[in-house]
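Asker: Sequence first, predicted model second:
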Amino acid sequence: MFGKLSVSTVIVVVLAMLPPAQADSDWPLEMDVGWQEAVLSVTNAAQWQAQLEDVAGWTAVYSGPVDRKQLNAWGLGNGVSAEAIVLQNSGESQGLVRLVQFSGAEQVQIRSSAQSWDTGGFLSLLLRSRGVDKNFADARRHQWTGYNDPVTLYLGPERRLRNVVLRGPDGINFGVYERVVPGLPGWPNLKKLSRPFNSMQIVKDRDATVAFYENVLGFVSMSIGNSPAAQADANNFGLPANLVTSTPLRSAIMHPVGGESGRVEFVEWDGLEGRDLSERALAPNLGILTLRFPVSDAVARAAGIVARGGRLMTKPTTVTMPPYGDVSLFSVTTPDGVFLEFFEPL
């Protein structure tokens, strides 16, 4: 993998190449739909940038310091600082990935050595591909691994996927999906890997999680599943073959309005018990830290969530968040221990 270097060493080259985003940025945002970006806490942002440029084909749109007010919102003291690099899939304004490298803080991996049935934190970000085996080979050059080598998922007579869950450094995973049957229309900017369009969590109670997202956050259910695999075979989650057909996968896919991008997905393994890592799922710990949703009225959205029984981790506060400029940001804790952030451009 790679070791931890000082922030000044790993960020300085990118800072010289990229202009800082301004507070009055006009970055295009869709309000009140899916999440706009995922925040990843990493040991070495420059190394991550280089590897994701190679494996995914993403490019940097911003590099610079994390606003002090943002660090305060994460509950971090003045002795902690951070630098960020924001990556996009060229041609896409949604599905950004923000790499955050903290300095002056003790950290553990949120999902350290985790199996796919361990609960807590985010298991993975989901990406589309037109050549999973090539993506896997590219990732292997950087010593990434998987829960299994690429596998074919037979989801019906007319639906077949090729998939691998890439396991990178810092406990961060990417689920890569190639549509084999039927083919994948559209997605003109998909060169190596697409923008992240979905995220996955392993949860203790799928139904309780769905109820929270529906009743408190106001999301809609797009898919509910309760079935084990149809045949014993190698699988993308790395389950033993003799358990695949007898272990129901209780899943759900949800979205604020039912769209394609910015989804959230949950999996509960009925009958499998693992570790609960939810207490680690907070800054500055390493891993997929949070998802950020653009909203048209942060104060009203936060008040509505509280009125419906939700709990805010941070009330609406103004922070500078390049490339979007100044935003009103608040965060919400979920029953599974993760937190989500919602922001309104100002």
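Answerer: Nice, I can see it.

Asker: From here on, just use CA atoms for contacts and neighbour counts.
Answerer: Fine.

Asker: As a check, name the ranges of all helices in the chain.
Answerer: Using DSSP state H, the helices assigned to the chain run over residues 7-17, 45-55, 68-73, 132-140, 206-215, 241-244, 298-307.

Asker: So for residue 276, which of those sits nearest?
Answerer: Counting by C-alpha to C-alpha, residue 276 lies closest to helix 206-215 out of the helices of the chain; the figure is 14.7 Å.

Asker: contacting residues around the closest one?
Answerer: The contact list for helix 206-215 (C-alpha atoms under 8 Å, 6 or more residues apart in numbering) reads 203, 219-221, 250-252, 254, 266-268, 308, 334-336.

Asker: In it, which residues are buried?
Answerer: Within helix 206-215, the residues that qualify as buried by neighbour count (16 or more other C-alpha atoms under 10 Å) are 206, 209, 210, 212, 213, 214.

Asker: So the fifth one versus residue 119, what's the distance?
Answerer: Right, residue 213. 17 Å (C-alpha to C-alpha, to the nearest Å).

Asker: cool, residue 263 as well?
Answerer: Separation of residue 263 from residue 119 (C-alpha to C-alpha): 19 Å.

Asker: between those two, which one's more packed in?
Answerer: Set residue 263 next to residue 119 and count neighbours by other C-alpha atoms under 10 Å: residue 119 wins out with 26 against 23.

Asker: Tell me if I'm right that that one and residue 274 touch.
Answerer: Yes - in terms of C-alpha atoms under 8 Å, residue 119 counts as a neighbour of residue 274; the distance is 6.9 Å.

Asker: rewinding a little: which ones among the contacts of helix 206-215 are found in strands?
Answerer: Counting by DSSP state E, these place 220, 221, 250, 251, 252, 254, 266, 267, 268 in strands.

Asker: As a markdown table, the residues you listed with distance to residue 199, pLDDT and neighbour count would be great.
Answerer: Formatted as a markdown table, the ones in strands among the contacts of helix 206-215 follow (distance: C-alpha to C-alpha, whole Å; pLDDT from 0 to 100; neighbours: other C-alpha atoms under 10 Å):
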| residue | distance to residue 199 | pLDDT | neighbour count |
| --- | --- | --- | --- |
| 220 | 15 | 97 | 17 |
| 221 | 15 | 97 | 19 |
| 250 | 16 | 95 | 19 |
| 251 | 13 | 95 | 22 |
| 252 | 11 | 97 | 21 |
| 254 | 10 | 98 | 23 |
| 266 | 8 | 97 | 24 |
| 267 | 11 | 96 | 25 |
| 268 | 14 | 96 | 24 |
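
Asker: where does the chain have low pLDDT?
Answerer: In the predicted model of the chain, residues 1-25, 230, 232 satisfy pLDDT under 70.

Asker: quick one on the thing from earlier: for residue 178, find the nearest of the helices of the chain.
Answerer: Nearest to residue 178, of the helices of the chain and by C-alpha to C-alpha, is helix 132-140 at 6.1 Å.

Asker: Quick one: list the elements packing against that closest one.
Answerer: Identification of packing neighbours for helix 132-140 by 3 or more C-alpha pairs under 8 Å, 6 or more residues apart in numbering; DSSP states H and E yields helix 45-55, strand 160-167, strand 173-181.

Asker: I'd like these as TSV, with distance to residue 144 and mean neighbour count appended.
Answerer: Listed next are the helices and strands packed on helix 132-140 as TSV, based on distance: least, C-alpha to C-alpha, whole Å; neighbours: other C-alpha atoms under 10 Å:
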stretch	distance to residue 144	mean neighbour count
helix 45-55	10	19
strand 160-167	6	22
strand 173-181	10	21
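
Asker: residues contacting the residue nearest to residue 269 when sequence neighbours are not counted?
Answerer: Closest residue to residue 269 apart from its sequence neighbours, by C-alpha to C-alpha, 6 or more residues apart in numbering: residue 249 at 5.2 Å. For residue 249, the contacting residues are 225, 226, 227, 228, 229, 267, 268, 269, 270, by C-alpha under 8 Å, 6+ apart.

Asker: Tell me which residues are up against stretch 329-340.
Answerer: By C-alpha under 8 Å, 6+ apart, the residues outside stretch 329-340 that reach it are 119-122, 203-204, 208-209, 212, 278-279, 281-282, 289-293, 298, 302, 310-319, 341-344.

Asker: mind running it again at 6 Å?
Answerer: Where contact means C-alpha atoms under 6 Å, 6 or more residues apart in numbering, the residues beyond stretch 329-340 that reach it are 121, 278, 281, 290-291, 311-317, 341-343.

Asker: May I have that stretch exported as CSV, CA atoms only?
Answerer: Output of stretch 329-340 as CSV, limited to C-alpha atoms (Å, rounded to 0.1, in the frame of the first residue of the first chain):
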residue,chain,number,x,y,z
LEU,A,329,-24.0,22.6,6.3
PHE,A,330,-25.6,20.3,8.8
SER,A,331,-25.2,16.6,9.6
VAL,A,332,-27.6,13.8,10.7
THR,A,333,-26.8,10.5,12.6
THR,A,334,-28.4,7.3,11.4
PRO,A,335,-29.5,4.2,13.3
ASP,A,336,-26.4,2.4,11.8
GLY,A,337,-23.9,4.8,13.3
VAL,A,338,-22.9,6.7,10.2
PHE,A,339,-23.5,10.4,9.6
LEU,A,340,-24.8,12.1,6.5
